[in-house]
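1. quick check, what structure comes out for this input:
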Amino acid sequence: MQAAEFPASDESILLEGFPLYRCLPKSLREKLQNHIKVFLDEKHFEGCMGFELTQEVKLLIAAQACLLLLGKENTEYTTLKSILVYPDTYQARRTEMAPGGVVTETQQSVLGQSWERGTVALSWKSTQRGAANMHDGRNVVLHEFAHQLDQATGQANGLPKLRSASRYAAWKRVMSEEYERLQDRVEAGRRTVMDAYGATHPAEFFAVASECFFEKPEQLKRARPALYDQLQLFYQQDPSAYLKG
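-> Modelled structure (predicted):
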């Protein structure tokens with residue numbers, strides 16, 4: 001299927017609701033269109049809590065999810081089967097084990113979730129807001145689908161599958177150093193280019209760094225050049241070349 005067959009009505013939705021799409025070079029825009037078509041054909045969407053799915057909903061989710069794939073060859077979310085869409089923030093159960101083996105369960109409000117077994121859940125309100133604001137470094141779709149890439153190895157630990165075995169040593173060194181650096185700055189109450197949530201776990205660090213890489217590339221490149229280089233190698237993209245501000 002050729003990029004020229006991408007419906008004009010679908011492109012209008014992206015041009016209006018996803019400003020970052022307008023910034024992409026023509027070649028990447030066409031590649032994104034093709035990824036979107038495959039994504040919509042293969043993945044199951046389900047509205048939750050009475051939420052009605054529309055073409056706009058599916059397109060904005062698919063476009064943001066597939067942005068992560070633009071530099072990759074023959075890479076899809078192979079284990080992903082379903083995307084659950086809630087109208088807004090929703091309640092999710094969280095199980096924690098305290099020292100001594102005591103297990104507690106709590107309810108918490110969440111914007112999105114990603115599971116190894118092939119499901120992503122998203123708040124539509126947050127999805128729409130993240131698509132509309134491309135400069136704040138906060139995007140729930142980019143965050144949860146970065147988790148999907150991480151979880152493709154079987155667990156979420158901030159160590160996704162890399163292009164070659166030779167890349168792992170540098171990745172582990174840089175990501176570990178930058179994770180600790182973010183933790184130190186957050187603990188000291190200092191400003192950070194990345195959201196402080198990235199300091200809570202290596203998996204969250206990778207997801208938050210990915211949000212920042214695509215939405216605040218110039219700032220991240222200036223503040224954390226080594227981290228930017230590793231993400232550029234992983235995603236095989238350079239958002240700083242086409243996204244200004």
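
2. is the spatially most central residue of the chain in a helix, a strand, or coil?
-> Taking C-alpha atoms, centre = their mean, the centroid of the chain lies closest to Leu142, which sits 1.9 Å from it. Using DSSP: H, G, I helix; E, B strand; the rest coil, the structure places Leu142 in helix.

3. just the pLDDT for it.
-> Here, the pLDDT recorded for Leu142 equals 98.

4. assign the closest residue to it other than its chain neighbours to helix, strand or coil.
-> Using C-beta to C-beta, 6 or more residues apart in numbering and skipping the chain neighbours, the partner closest in space to Leu142 is Glu211 (4.9 Å). To be clear about C-beta, it is placed using only N, CA and C from the backbone, and glycine gets the same treatment. Under the three-state scheme (three-state DSSP), Glu211 adopts helix.

5. now Glu211: how far from Asn34?
-> Distance, Glu211 to Asn34, using C-beta to C-beta, to the nearest Å: 24 Å.

6. who's more crowded, those two?
-> Glu211 (24 against 15; other C-beta atoms under 10 Å).

7. can you give me the pLDDT of the more buried one?
-> Reported pLDDT for Glu211: 97.

8. shouldn't it be in contact with His135?
-> No. Glu211 sits out of contact with His135 when judged by C-beta atoms under 8 Å, with a separation of 11.4 Å.

9. so where do the helices sit in the protein?
-> For the chain, the helices defined by DSSP state H cover 8-17, 19-23, 26-42, 55-67, 124-132, 140-151, 168-187, 202-215, 217-223, 225-235.

10. packing partners of the second one?
-> Helix 19-23 is packed against helix 8-17, helix 124-132, with contacts defined by 3 or more C-beta pairs under 8 Å, 6 or more residues apart in numbering; DSSP states H and E.

11. ditto for the fourth one
-> For helix 55-67, the contact count by 3+ C-beta pairs under 8 Å, 6+ apart identifies helix 8-17, helix 26-42, strand 44-47, strand 82-86, helix 124-132, helix 140-151 as packing neighbours.

12. how about a cut-off of 7 Å?
-> Judged by 3 or more C-beta pairs under 7 Å, 6 or more residues apart in numbering; DSSP states H and E, the packing partners of helix 55-67 are helix 8-17, helix 26-42, helix 124-132, helix 140-151.
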